[in-house]
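K.L.:
using only what follows, build the 3D model:
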Amino acid sequence: MDDCGTSDRHHTGSAPPMDAQGQTSPMAPAGRIEASRSEAQSDRLFHAAPIGIGLIAHHLIQEANACLCTMVGYGRGELIGQSDRRLYPTDDAYQGAAAAFSRVSAAGRAETVETRWQRKDGTRIDVLVHLAPLNPDDASEGIAFTVRDTTEHKQRQEHLDRERERMWKCLDLAEVMFIALDASGRVSLVNRKGCQILGYDEREILGMDWFANFVPEAMRRNVWEIFDRLLRGQMRIAEYAETPVLVRGHTQRLIAWHNTVLTDGTGAIVGTLSSGEDITSRPPDKRKPAAGARSDSGG
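P.N.:
Here you go, the predicted model:
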């Protein structure tokens, strides 16, 4: 009989395979091979993942991938079956994490927590742990988690915070006004001296439209157009200028400005930063000529 014969179709068609007793086989050999291959691939992906992955049930570590083991300095055999308490440097840290596990188990939904772990050698690391129930309908199956070591990121952030605090102290000690404007012309930074000159608290000034509130009305449109062209790269900022500003009570003060632009990571202009000295009481012959923004041609 040829390849299209009925007998061949009976053995190779869609009918399920039978075992020796004539019962339907649960899975054909090809299916078992495919399932085994898929399981092996999943296992390789699990252990090759560049992020720590594990499983905890009843406060015991059930599974841990290679990245997780490297992160904490334990071999896989030293983790599996052990209490998750060994990952935490203090009881307080462990209790906080245990509470998060309990919430995830009870609610059946994921949660992310920041905490500290302790490596086998005693080194403490900052980690970000994402928890999710393996089976939302059965908490007993355990909590799967991914973990990322954030120690370096946190150290960099703390360094930036210290530098920012030091900068603010310097700005607040300065006897000149500092004002930063964002791309919409709103105040994004003001120091103590700026608040004194303008007559407002910092909370009042931040977010205010500089042009609508501090630039005299007769100059407002022209100054805004210069600022807009500056942001578009059509003009270069004047490094020095003397202009009046409106202060509380709608009186004017003459300010001598030193200006620069603020840029983002791509070099695009996103705002301006200016330091200003109140020269209202300075004799006219001691002042410099006012300057505006210049075009790219220097005009």
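
K.L.:
which helix or strand in this protein has the lowest average pLDDT?
P.N.:
Of all helical and strand segments in the chain, the minimum by mean pLDDT, DSSP states H and E falls on helix 6-12, at a mean of 41.

K.L.:
tally of neighbours for the spatially closest residue to Asn65 that is not a sequence neighbour?
P.N.:
Once flanking residues are discounted, Asn65 sits nearest to Ile53: 4.5 Å by C-beta to C-beta, 6 or more residues apart in numbering. Using the backbone N, CA and C atoms, a C-beta is placed for each residue, glycine as well. Residues lying near Ile53 (other C-beta atoms under 10 Å) number 19.

K.L.:
Ile53 against Ile143, yeah?
P.N.:
No: in this structure Ile53 lies outside contact range of Ile143 using C-beta atoms under 8 Å: 12.0 Å.

K.L.:
element containing the residue most central in space within the chain, please.
P.N.:
Closest to where the C-alpha atoms of the chain average out (C-alpha atoms, centre = their mean) is His153, at 10.3 Å. Counting by DSSP states H and E, the element that carries His153 is helix 151-173.

K.L.:
show me what the helix or strand following that helix is packed against.
P.N.:
Proceeding N to C from helix 151-173, the next assigned helix or strand is strand 177-182, under DSSP H and E. Strand 177-182 is packed against strand 187-190, helix 192-198, strand 269-278, with contacts defined by 3 or more C-beta pairs under 8 Å, 6 or more residues apart in numbering; DSSP states H and E.

K.L.:
can you list the low-confidence ranges for this protein?
P.N.:
1-43, 285-299 (pLDDT under 70).

K.L.:
all the strands of it, residue numbers only.
P.N.:
Remark: strands assigned in the chain by DSSP state E are 52-57, 60-64, 111-118, 124-133, 143-149, 177-182, 187-190, 235-236, 240-247, 251-263, 269-278, 294-295.

K.L.:
give me the angle between the second one and strand 143-149.
P.N.:
Pointing back at strand 60-64 there. Counting by axes from the mean of the first three to the mean of the last three C-alpha atoms, to 10 degrees, strand 60-64 points 70 degrees away from the direction of strand 143-149.

K.L.:
figure out how far strand 60-64 is from the centre of its chain.
P.N.:
Centroid separation for strand 60-64 versus its chain: 29 Å, with C-alpha atoms, centre = their mean, to the nearest Å.

K.L.:
begin at 688 from now on, thanks
P.N.:
Let's use 688 as the start, then, which means that last one is strand 747-751.

K.L.:
who touches that strand?
P.N.:
739-743, 763, 766-771, 829 (C-beta atoms under 8 Å, 6 or more residues apart in numbering).

K.L.:
what do you get if the cut-off is 6 Å, keeping everything else the same?
P.N.:
741-742, 763, 766-767, 769, 771, 829 (C-beta atoms under 6 Å, 6 or more residues apart in numbering).

K.L.:
can you tell me which of those is closest to Val814?
P.N.:
Among the contacts of strand 747-751, Gly741 lies closest to Val814 (C-beta to C-beta), at 11.7 Å.

K.L.:
which residues does that closest one bridge with?
P.N.:
With DSSP bridges as the criterion, Gly741 is bridged to Ala751, Phe832.

K.L.:
against Glu929, how distant is the closest residue to Phe898 other than its chain neighbours?
P.N.:
Excluding the flanking residues, the one nearest Phe898 by C-beta to C-beta, 6+ apart is Trp911, at 4.8 Å. Distance, Trp911 to Glu929, using C-beta to C-beta, to the nearest Å: 18 Å.

K.L.:
now Leu860
P.N.:
Leu860 sits at a distance of 24 Å from Glu929 (criterion: C-beta to C-beta).

K.L.:
looking at these two, which is more packed in?
P.N.:
Glu929 (17 against 10).

K.L.:
what is the neighbour count of the nearest residue to Ala819 once chain neighbours are set aside?
P.N.:
Distances taken as C-beta to C-beta, 6+ apart place Ala797 nearest to Ala819, at 4.1 Å, with adjacent residues excluded. Close neighbours of Ala797, defined as other C-beta under 10 Å, add up to 14.

K.L.:
gap between Ala797 and Arg790?
P.N.:
In this view, Ala797 and Arg790 are 10 Å apart by C-beta to C-beta.

K.L.:
cool, and Thr953?
P.N.:
41 Å.

K.L.:
so those two - more neighbours on which side?
P.N.:
When Thr953 and Arg790 are compared for neighbours, Arg790 comes out ahead with 13 against 6, by other C-beta under 10 Å.
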